[in-house]
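> got a predicted structure plus its sequence, pasted below:
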Amino acid sequence: MLADKRQLRINQAALFLLSVALVLVGRRITLWPIMTWPVYSHYSQGFPDPTVDAVSLRLITTTGETYTLAPADLFGAGRTDVAKRAIAYAFDDTAPEQRDANRAYLSQLVSYLKPDIEISVIQGYRTYWQVEPLSVPPLVYDTPTQVVRLGSFRIADYTASKPGQQ
């Protein structure tokens, strides 16, 4: 019984000290006696950038048909950053050797991904959209604000001829 009273007094003293600490500290994080981690009270909601952009490839066949490939179509959804860089490097103003290597790689990759069509030209595009975060939906995919052609190249210039062809 004496041990129970003693345990009760210890618990009461600890609770009293914690209550006093809470009252003295208030919202001042630097005086918090237990931790200095600003939990949820300092969370601020962020908004997306006012415009977003995406790169894509347009494949033009020898018959004039057009196909569009997104970066996720090239390497899969998990590696879109790699695909975006490959597309950007194939059309930017880097050293011609690097640009030509990227174009040759894209040509081979596209030929592998679309073996049933005969591709003549590969074009790179960057599409921009306006984002209105408080609207529903915040981005209308079908109405881009701007479409910029990054460049184009003939696939025949960057692929080796198939066996049996001249």
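Perfect, I can see it now.
> show me where the chain has its strands.
51-61, 66-69, 119-130, 146-154 (DSSP state E).
> can I get those in TSV with mean neighbour count and distance to Val140?
For the C-beta atoms, the positions are set from N, CA and C on the backbone; glycine is no exception. Formatted as TSV, the strands of the chain follow (neighbours: other Cβ atoms under 10 Å; distance: least, Cβ to Cβ, whole Å):
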stretch	mean neighbour count	distance to Val140
strand 51-61	17	12
strand 66-69	14	18
strand 119-130	17	7
strand 146-154	13	14
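> dump these into a markdown table; add distance to Asn102 and mean pLDDT as well.
What follows is the strands of the chain, written out as a markdown table (distance: least, Cβ to Cβ, whole Å; pLDDT from 0 to 100):
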| stretch | distance to Asn102 | mean pLDDT |
| --- | --- | --- |
| strand 51-61 | 12 | 92 |
| strand 66-69 | 15 | 94 |
| strand 119-130 | 10 | 94 |
| strand 146-154 | 10 | 93 |
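> C-alpha coordinates for stretch 66-76, CSV please?
Only the C-alpha atoms of stretch 66-76 are listed here, as CSV (Å, rounded to 0.1, in the frame of the first residue of the first chain):
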residue,chain,number,x,y,z
THR,A,66,1.7,9.9,-87.2
TYR,A,67,2.2,8.1,-83.8
THR,A,68,3.0,9.8,-80.5
LEU,A,69,5.3,8.3,-77.9
ALA,A,70,5.4,9.6,-74.3
PRO,A,71,8.6,9.1,-72.2
ALA,A,72,6.8,6.4,-70.3
ASP,A,73,6.4,4.5,-73.5
LEU,A,74,10.1,4.3,-74.1
PHE,A,75,11.4,2.9,-70.8
GLY,A,76,8.3,2.3,-68.7
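> one step back: any chance of the strands of the chain in CSV, plus distance to Arg79?
Listed next are the strands of the chain as CSV, based on distance: least, Cβ to Cβ, whole Å:
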stretch, distance to Arg79
strand 51-61, 14
strand 66-69, 14
strand 119-130, 18
strand 146-154, 20
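> just so I know, which of those lies nearest Ala104?
strand 146-154 (9.8 Å; Cβ to Cβ).
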